[in-house]
Each structure stands twice: as C-alpha cells, then as structure tokens.
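Undergrad: give me a 3D structure for the following:
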Amino acid sequence: MIEDKQRWNKRHVEKPMRKNIEPIVEKYISNAVVGKALDIACGVGRNTHFIAEKGFEVDAVDLSDYALSQVEEKENINKIEVDLDTYNLKTNEYDLIININYLSRRLFPQIKDALKAGGIVIFETFIVAHGDFDQPANPEYLLRTNELLHAFIGLDIIYYEEREDVNLRGENTRVASLVAKKRA
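TA: Here you go, the predicted structure:
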C-alpha cells in the first residue's frame, strides 16, 4: 500500500490531471436523488466538488493523501484515505456512486449492494484497445469488451457505450461508460 500511495502521490504532482468535471457525471447526475454520494478514487476532487455543489453529502475516497489534500474542506465532503484493494463499501448506503478512471473488479458487487433502492451508479474507465492508444500497461486495469455492462446486470441500464476518447492527460484511449439504476 505504501508503494502504491507514493506512486500515486508522485503521479498527481508530476502529471496533474485536468480539473474539469467528467462529462458523463455532469450529464447524468440529475438521475440521482440528492442524498449521500460516493466518489471512488476521487483524486483531487474534480467530480467530488461538482456533486457536493449539487447538494450531495459526499464520501471522497482515495489512496493518495496528496490528492485528498487538494479536495476542498467543506461540510458536505468527507475525505476518506483508504487502500481500495482492501476497503469495503457499506451496504445500502448511497444514492449516487461514481467511479471514474479506476478499476477494481472486486468492487463491482459491492457497488451494487452499496446503492440504496433507486440509487444511481455512474461508471467510466478504460477498456482494452488495439492500435495507437495510450492505456494502462497492466491488463488488470483494463475492461474487456462489454465487461462493464455484464458486471452490472440486475440494475436498470440507463446508458452504456464503448468508444474512443481522450484521457485526463490528453492521450488517445478507449473507454466504457455506464449509468445504471438500482431497482426500488
């Protein structure tokens, strides 16, 4: 964990990511009832700040203490420094869960269970790409085609797409995007 934390701290300092809100979050946040939200691997809080401004009480979770130090101190933002490889989500806790540019397959069932009835998940991360794409070197951090869609079977799918995109550092990549709702 310490090595991972140091690596992510260094990455946030040396290769800062853009600060704008992820378009999928901005577009689909209105599908969620304002209440409690979770931002998984929140980084410096670009999406955390946006959903907090919309009135949500946000648990902003990340391993990087440097990234969390960049998240604003607000009454409705709860910064949680944890190793997501071992952290477990509380059941029936959240009205909104966002997971952007982070992949831990062990969290798929936990995300579904952590949503309250009627809760929304907004999930977007990298998929395997062939050709001239910049992507994580470790295949553990890349989804396979339709894997994200299959992982959230049982929820009502509002939106799903796999497409070419540009990542936070301006590199060409491929992503899978999903918005789904837990049945009431």
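Undergrad: what residue is smack in the middle of this structure?
TA: Asn99 (1.5 Å; C-alpha atoms, centre = their mean).
Undergrad: which residues are in contact with that one?
TA: The contact partners of Asn99, taken as C-beta atoms under 8 Å, 6 or more residues apart in numbering, are Ile40, Ala41, Leu107, Ile111, Val121, Ile122, Phe123, Glu124, Thr125. Where you see a C-beta, it was placed from the backbone N, CA and C, and this is true even at glycine.
Undergrad: what bridges to it?
TA: Assessed by DSSP bridges, Asn99 has beta-bridge partners Ile40, Phe123.
Undergrad: so the spatially closest residue to Asn146 that is not a sequence neighbour is in which element?
TA: Leaving aside its sequence neighbours, Asn146 sits nearest to Glu162 (C-beta to C-beta, 6 or more residues apart in numbering; 7.6 Å). According to DSSP states H and E, Glu162 maps onto strand 156-166.
Undergrad: can you name the residues in contact with that strand?
TA: 24, 28, 31, 120, 127, 129, 133, 145-146, 148-149, 172-183.
Undergrad: cool, and stretch 39-54?
TA: Taking C-beta under 8 Å, 6+ apart as the rule, stretch 39-54 contacts 12, 16-22, 25-26, 29, 34, 37, 58-64, 67-68, 70-72, 74, 76-77, 84, 96-102, 107, 111.
Undergrad: show the average pLDDT along the helix or strand where Asn47 lies.
TA: For Asn47, the host element (DSSP H and E) is helix 46-53. The pLDDT scores in helix 46-53 average 96.
Undergrad: what comes up buried for the strand holding Glu162?
TA: By neighbour count on 16 or more other C-beta atoms under 10 Å, the buried set for strand 156-166 is Glu162, Asp165.
Undergrad: paired strands for it, with orientation please.
TA: By DSSP bridges, strand 156-166 pairs with strand 172-181 (antiparallel).
Undergrad: state the distance from the residue nearest to the centre of the chain to Lys90.
TA: 16 Å (C-beta to C-beta, to the nearest Å).
Undergrad: and what of Leu143?
TA: Note on Leu143: its distance to Lys90, by C-beta to C-beta, is 25 Å.
Undergrad: just confirm Ile111 is within a strand.
TA: No. With DSSP: H, G, I helix; E, B strand; the rest coil as the criterion, Ile111 is located in helix rather than a strand.
Undergrad: residues near it, how many?
TA: Residue neighbour count, defined by other C-beta atoms under 10 Å, stands at 23 for Ile111.
Undergrad: isn't it up against Lys90?
TA: No. Applying C-beta atoms under 8 Å, one finds Ile111 not in contact with Lys90, separated by 11.4 Å.
Undergrad: can you tell me the helix or strand for the closest residue to Val82 other than its chain neighbours?
TA: Leaving aside its sequence neighbours, Val82 sits nearest to Val61 (C-beta to C-beta, 6+ apart; 5.9 Å). Here Val61 is covered by strand 57-62, with elements defined by DSSP H and E.
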